[in-house]
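Visitor: Model the following, please.
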Amino acid sequence: MRVLAALSGGVDSSVAAALLHEDGHEVVAVTMKLWGGESDTGCCSVSEVEDARRAAAQLNLDHHVFNFGEEFEKHVVAPYVADHAAGRTPNPCVECNRHLKFDVLLRRAELLGYEAVATGHHARIVTLLDGTRRIARGADTAKDQSYVLYTLTAKELDRVMFPIGAMTKEQVRSHAASLQLRTAAKPDSQDVCFITRASGRAAFLEQRIELHPGRIQDEDGATLGTVSAVEVVTLGQRRGLHLAGGAAARYVVDVDLPTATVTVGAREELLCDELELENLVWATDAVEGVMNLQCSAHGAALPATVTLESAGDGPVTARVQWHEPHRRIATGQSVVMYSELLTTTGIESVVIGGGFVR
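Guide: Sure, this is the predicted structure:
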């Protein structure tokens, strides 16, 4: 099979390409150049592109660089900025997977005659008894990335491969070491690739939108302090508020952009019984009922009852009712639904769908 292997410059994608090559596939490596601005971390930095090139050379693979900067700006960076300006908390990795890796890159691969695109995600593609392909959790639960892949449907999964999905991170590094790959001991990247560690989120945003100072208050309205930019404060935040010490821990329980007011309270004030999801994406058909929901990339999946709601001709939303009080999730964050389903390899935790917190 002719496979286009996406090399980010990390150990996971390097080993994914290596495994495909070892299995006899015709593999060509490609690195997506996404961000032309300043970057010192993640897959957008210059060093990552160079690491990808060197890994491809060690594996004796042809290596190309595709410039998708315009698409990245349109589908990832601009919405990221707009979300902050509107008081939402975006998840750019979800949007990068949705629009870049598994749309733009897939279409480019098809145009060039490749049968599949492979990435180094820790996730697996499983087949249900009816023949439908779905995303399931990776073998290494601590590294599982199925959460950020929830926007993939059966249509994309027919042309996608996750070669390391059945491996633990330790096994991936061990295989990289056996091949003497330079990426074998390379640390994982945890940051938003276009936000530099040196400058931070606020510095990036203030180059694109006007940021406004805000007032911090308690739930009785008493002023406790200030924030330099209310647009970068998020629900549940505790650090960076610079509140006077000595009191019990306080968390952001509300952000009101029009009045530039941040309200803080006790951890218990963050608990809720339900939430609403919009911009829903389903693996196949929309479903209701009891399932497990995951609210962050590496958070625990907890049981809830999902009910679909429709207001006339408007889009369908999902009402989530937690079985036990749950910490509130910031508007704009993704919530992903899982169910235990019978597949050709046994019962698996399979992605059902997901959406944004409304």
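Visitor: list the contacts for residue 281?
Guide: 150-151, 153, 353-355 (Cβ atoms under 8 Å, 6 or more residues apart in numbering). To be clear about C-beta, it is placed using only N, CA and C from the backbone, and glycine gets the same treatment.
Visitor: Helices of the stretch 201-350 of the chain, start to end?
Guide: With DSSP state H, counting those that start in this stretch as the criterion, the stretch 201-350 of the chain has helices at 201-206.
Visitor: Mind jotting down where the strands sit in it?
Guide: 214-217, 223-227, 251-256, 261-265, 271-282, 289-294, 301-309, 317-327, 334-343, 346-357 (DSSP state E, counting those that start in this stretch).
Visitor: Turn the ones you listed into a markdown table, columns for distance to residue 177.
Guide: Output for those, formatted as a markdown table (distance: least, Cβ to Cβ, whole Å):
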| stretch | distance to residue 177 |
| --- | --- |
| strand 214-217 | 49 |
| strand 223-227 | 46 |
| strand 251-256 | 42 |
| strand 261-265 | 47 |
| strand 271-282 | 38 |
| strand 289-294 | 31 |
| strand 301-309 | 32 |
| strand 317-327 | 39 |
| strand 334-343 | 32 |
| strand 346-357 | 30 |
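Visitor: State the helix or strand in which residue 81 lies.
Guide: Applying DSSP states H and E as the criterion places residue 81 in helix 78-85.
Visitor: in that helix, what counts as buried?
Guide: Within helix 78-85, the residues that count as buried by 16 or more other Cβ atoms under 10 Å are 79-81, 83-84.
Visitor: mean confidence score for it?
Guide: The average pLDDT for helix 78-85 rounds to 97.
Visitor: where are the low-confidence patches of this structure?
Guide: 38-46, 190, 245-246 (pLDDT under 70).
Visitor: domains for it, by residue range?
Guide: As recorded under automatic domain parsing, the domains making up the chain are 2-120+163-178, 211-265, 271-357.
Visitor: Just the residues contacting stretch 309-322, thanks.
Guide: 272-280, 286, 293, 302-308, 335, 355, 358.
Visitor: Give me the phi and psi angles of the residue of the chain positioned farthest from its centre.
Guide: In the chain, counting by Cα atoms, centre = their mean, residue 222 sits farthest out from the average C-alpha position, at 36.9 Å. Phi and psi for residue 222, reported as degrees, to the nearest 10, are phi -80, psi 130.
Visitor: hmm, back to that, and the helix holding residue 81 with strand 346-357, angle?
Guide: Going by axes from the mean of the first three to the mean of the last three Cα atoms, to 10 degrees, helix 78-85 is angled at 60 degrees with respect to strand 346-357.
Visitor: Which strands or helices does helix 78-85 pack on?
Guide: helix 92-96 (3 or more Cβ pairs under 8 Å, 6 or more residues apart in numbering; DSSP states H and E).
Visitor: what does the helix it packs on rub up against?
Guide: So helix 92-96 is contacted by 34, 72, 75-77, 79-80, 148, 150-151, 192, 194, 297, 334 (Cβ under 8 Å, 6+ apart).
Visitor: OK, contacts around the residue nearest to residue 135 when sequence neighbours are not counted?
Guide: Once flanking residues are discounted, residue 135 sits nearest to residue 351: 4.3 Å by Cβ to Cβ, 6 or more residues apart in numbering. Contacts for residue 351 (Cβ under 8 Å, 6+ apart) come out as 134-136, 146, 149-150, 283, 336-338.
Visitor: how about TSV for the residues you listed, with neighbour count added?
Guide: Below are the contacts of residue 351 laid out as TSV (neighbours: other Cβ atoms under 10 Å):
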residue	neighbour count
134	23
135	32
136	23
146	26
149	27
150	25
283	24
336	28
337	26
338	23
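Visitor: Out of the residues you listed, flag the one nearest to residue 346.
Guide: residue 136 (10.3 Å; Cβ to Cβ).
Visitor: Quick check: the closest one touching residue 348?
Guide: Yes: counting by Cβ atoms under 8 Å, residue 136 touches residue 348, with 4.3 Å between them.
Visitor: Overlap of the contact sets of the two?
Guide: With Cβ under 8 Å, 6+ apart as the test, residue 136 and residue 348 both reach 124, 126.
Visitor: Correct me if wrong: residue 9 contacts residue 52.
Guide: Yes: here residue 9 reaches residue 52: they are 4.2 Å apart, a contact under Cβ under 8 Å.
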